[in-house]
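A.B. asks: sequence unknown, structure follows:
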C-alpha cells in the first residue's frame with residue numbers, strides 16, 4: 001500500500017463535501033508531476049485530504065478505490081482520475097505550520113518542498129508522524 005496527500009481548496013470541494021458524498025471522482029489534476037503520481041495510485045492506497053488556501057491543514061483520510069482511468073470530462077489522454085472515498089476525519093487537523101516546525105522529521109517532504117503540487121506521495125514514516133501529530137502527540141524523534 002502507498003500513501004498520498006490530495007489537496008483541495010475547501011471552498012471548491014472540502015472534506016465535509018467528501019464525507020457527505022462518501023465517494024467522488026478525484027479530477028482536475030493538470031500538473032505533469034501530479035499526474036504521474038496520480039497514475040501510480042492503486043486501489044486500497046490511502047491519502048490524506050489537505051485543505052489549501054487559508055487553512056493549510058490535513059483534515060482527513062481517504063481511500064483510493066480505482067486504478068487511474070482517463071478523465072471522461074476532458075479530451076486529453078494524459079489526464080487521468082481516480083475514485084476515492086472518505087475513511088475518517090483526523091482527531092485534530094495537522095497544519096502545514098506544525099509540519100514546518102517539525103521539519104527535522106519531514107526532510108525533503110514535497111508538501112514543503114513543492115507547495116503548489118496537488119498530489120504528493122507520503123512516505124510510511126511521514127504518514128505515521130502525521131497520524132501521531134493528529135492524535136495530539138508531540139513530534140516523534142527519529143529514535144521513537
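C.D. replies: Received it, and whenever you're ready, just let me know what you need. These numbers were taken from a predicted model, which means no experiment stands behind them.
A.B. asks: longest helix of this protein?
C.D. replies: Ranked by number of residues, the top helix in the chain under DSSP state H is helix 124-134.
A.B. asks: Could you check how far it is from the centre of its chain?
C.D. replies: 13 Å (Cα atoms, centre = their mean, to the nearest Å).
A.B. asks: for it, packing partners?
C.D. replies: Judged by 3 or more Cβ pairs under 8 Å, 6 or more residues apart in numbering; DSSP states H and E, helix 124-134 is in contact with strand 3-8, strand 46-51, strand 80-95, helix 96-101. Using the backbone N, CA and C atoms, a C-beta is placed for each residue, glycine as well.
A.B. asks: Mind putting these into a markdown table with mean neighbour count?
C.D. replies: Formatted as a markdown table, the helices and strands packed on helix 124-134 follow (neighbours: other Cβ atoms under 10 Å):
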| stretch | mean neighbour count |
| --- | --- |
| strand 3-8 | 22 |
| strand 46-51 | 23 |
| strand 80-95 | 17 |
| helix 96-101 | 15 |
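A.B. asks: To residue 116, which of these lies closest?
C.D. replies: strand 3-8 (9.0 Å; Cβ to Cβ).
A.B. asks: Adjacent strands (with direction) for the closest one?
C.D. replies: Looking at strand 3-8 with DSSP bridges, its partner strands are strand 46-51 (parallel), strand 119-122 (antiparallel).
A.B. asks: Which parts of the following helix or strand past it count as buried, going by neighbours?
C.D. replies: Downstream of strand 3-8, the next assigned helix or strand under DSSP states H and E is helix 15-21. Using 16 or more other Cβ atoms under 10 Å as the test for burial, helix 15-21 gives 15, 18, 19.
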